[in-house]
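>>> how would this look folded up:
(chains A and B)
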Amino acid sequence: MMKREWMDILHHEKVATDTYQMVLNGDIPGSGIRPGQFVHILVDDNFFLRRPISIADVDEQAGTLTILYKVLGKGTKSLTAKQQGDKLDVLGPGGNGFPMEELKTKRALLIGGGIGVPPLHYLGRQLVEQGIEVISVLGFQSKEYIFFEKQFNELGEVYVATNDGSYGHHGFVTDILPGLEGRFDTYFSCGPAVMLKAVSKELTGYDGYLSIEERMGCGVGACFACVVPTPESDAKGYRKICRDGPVFKPEEVVL
Amino acid sequence: MSNLSINLPGLKLKNPVMPASGCFGFGKEFSDFYDLSELGGIIIKAATGEQRYGNPTPRVAETSSGMLNAIGLQNPGVDQIITDELPFLGEFDTPIIANVAGSTVEEYIEVARKISRSEQISAIELNISCPNVKEGGVQFGTEPDLAAEVTRQVKAVSDVPVYVKLSPNVSDIVSMAKAVEQAGADGLSMINTLTGMRLDLNSRKPIIANGTGGLSGPAIKPVAIRMIYHVYQQVNIPIIGMGGIETAEDVMEYLLAGASAVAVGSVNFKNPFACKDIIDALPETMNKYGFSSLEEIIGGAHR
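Sure thing, here's the model as predicted:
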């Protein structure tokens, strides 16, 4: 069940170029958040729409959740001015997230692109706790945009790609995938639609899950702003990203 | 103690606040946040004859004091709305208003006939003002003759009162209002969104995939107040007012201009409790300005 809450900002810092990490305290973290779910944040009264931001980590006992966001416009720019001790209007947790109970994976491959990386961290942490082996492939624009490499190293093997070659592999995450053939049974990916499309194509035949980004309105499933089409065989014709997703099986949606 | 109730054709409202069409789906999602029986009424998402997918994404963009949307009337079609959505809404003690849309007069007639015969529906909001579809929609809402024709035809088949939702994208809103009043409309609903556009500086293209979208939110409230103020002076049917309402004070402003009830739209996205918060604040706000009933406020700016 989603709640609206004024959460306390416990910690806020820049972790990479245009990328910030924030730790929020309140009741929402205790409500059984699944990896892949998001919080819908109202930056302040100067903004009319909330911003959906995925959850990168949860500490239920401490009542905290961690988010990472990238400055992409006026709203996220204003969010950077928030300081430790300030309060933030948060609606959450939104969406369904990854279906943790249904997973049959023994060896998981996490594939994240840019600001799509954070939800995979909370997922990876839960998978490792369940004794599942985790390999991560992370893609960023360039070296100065990289974050959370250390956190993913704690989960297992990590491969990093940068578009400009300033760190790790020069190119895209999809370049790294053929080399990992046979080392995983299920993949989990979050990032821009173009990356998700390439990943699902490259990994056809594997069991997979994609977490989709989109501009949202209400974030609760009422406004139909963030829909994704489904294959022709599906009578409904669409899924709501905020309510039915943001995590989908690749065969469930048309990217 | 303030009296918040108001009776309009087909509608016994316990208070004048209803969520606006398209901003509340079919109620289910918001029923997680509060009891929908607290609402004055519910105006549900537009129904068309057949299932519609709507426009490509992105479908929304924020603006100063508001937002653009171009959903494109996505809905499961009138038959499925009747079987899958209305029974749930029937569980609540609040009147339901069906928003009826179409591409042709025939489609409007078919949808209105079907949905007005559903036991859960108390009135129709005739949507001749959606700016986000290529065919029909707003073209019926910008030419008085077409507006009158579709109103007359829908009135002829509807079992419940018909409120015609007017478009602000016209040069003379009063003549539109008079045309649909003469054609038999039981009430007016005003205003729909104003057509707008935002461009992305990087791509140099519109942010919304449809190009244009409908502007809603506080940015359009003065436009709606002006239009209702002028229409109220020229027609004798009640007006449901909407456009950027966020507070009980906004509701009072609408009532003073001439609205008999209001619909609360895009602020539901910002605050899912918006309608409830406004209803809760209304008695005290009325009291502050010396009113004890809605009748005393409605049209107050004209006295």
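
>>> Give me the distance between A:Glu102 and A:Asp27.
Note on A:Glu102: its distance to A:Asp27, by C-beta to C-beta, to the nearest Å, is 27 Å. Where you see a C-beta, it was placed from the backbone N, CA and C, and this is true even at glycine.

>>> Those two: which is more packed in?
Taking other C-beta atoms under 10 Å in any protein chain shown, A:Glu102 and A:Asp27 do not tie; A:Asp27 has more neighbours (10 against 6).

>>> can you give me phi and psi for the more buried one?
phi -90, psi -30 (degrees, to the nearest 10).

>>> now it: how far from chain B?
15 Å (C-beta to the nearest C-beta, to the nearest Å).

>>> mind listing what the closest residue in space to B:Tyr254 that isn't next to it in sequence touches?
Nearest in space to B:Tyr254, with sequence neighbours left out and distances taken as C-beta to C-beta, 6 or more residues apart in numbering or on different chains, is B:Gly241 at 3.9 Å. For B:Gly241, the contact set (C-beta atoms under 8 Å, 6 or more residues apart in numbering or on different chains) comprises B:190, B:224-225, B:228, B:254-255, B:257-259, B:261-263.

>>> Just give me the neighbour total for whichever residue of chain B sits closest to chain A.
Per C-beta to the nearest C-beta, B:Gly25 is where chain B lies closest to chain A, at 3.7 Å. Neighbourhood size, B:Gly25 [other C-beta under 10 Å]: 24.

>>> ok, back up a step: so the residue nearest to B:Tyr254 versus B:Gly187, what's the distance?
Taking C-beta to C-beta, one finds B:Gly241 at 11 Å from B:Gly187.

>>> Close to chain B: what parts of the stretch 151-255 of chain A are there?
Neighbours of chain B within the stretch 151-255 of chain A, by C-beta under 8 Å from any C-beta of the partner chain: A:214-229, A:236-238, A:243.

>>> Could I have the PyMOL command that selects the buried members from those residues?
Only the buried entries of these go into this PyMOL selection, using 16 or more other C-beta atoms under 10 Å in any protein chain shown:
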select buried, chain A and resi 214+215+216+217+218+219+220+221+222+223+224+225+226+227+228+237+238+243
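
>>> So which of the residues of the stretch 151-255 of chain A next to chain B sit within strands?
Filtering those for membership in strands, criterion DSSP state E, returns A:227-229, A:238.

>>> quick one: the strands in chain B?
Under DSSP E, chain B gives strands at B:6-8, B:11-13, B:17-19, B:42-43, B:60-63, B:66-69, B:96-100, B:121-127, B:162-165, B:187-190, B:194-196, B:213-216, B:239-242, B:261-264.

>>> Give me the average confidence score over the second one.
This predicted structure assigns strand B:11-13 an average pLDDT of 97.

>>> Stretch A:81-88 vs chain B: in contact?
No: interface with chain B: stretch A:81-88 contributes nothing (C-beta under 8 Å from any C-beta), its closest point being 13.9 Å away.

>>> buried residues in that stretch?
Those buried within stretch A:81-88 under the rule 16+ other C-beta under 10 Å are A:82, A:88.

>>> For it, give me every contacting residue.
Contacts of stretch A:81-88 (C-beta under 8 Å, 6+ apart): A:6-12, A:22, A:24, A:41-42.

>>> first to last residue in it, what's the distance?
Stretch A:81-88 has an end-to-end distance of 12 Å (criterion: C-alpha to C-alpha, to the nearest Å).
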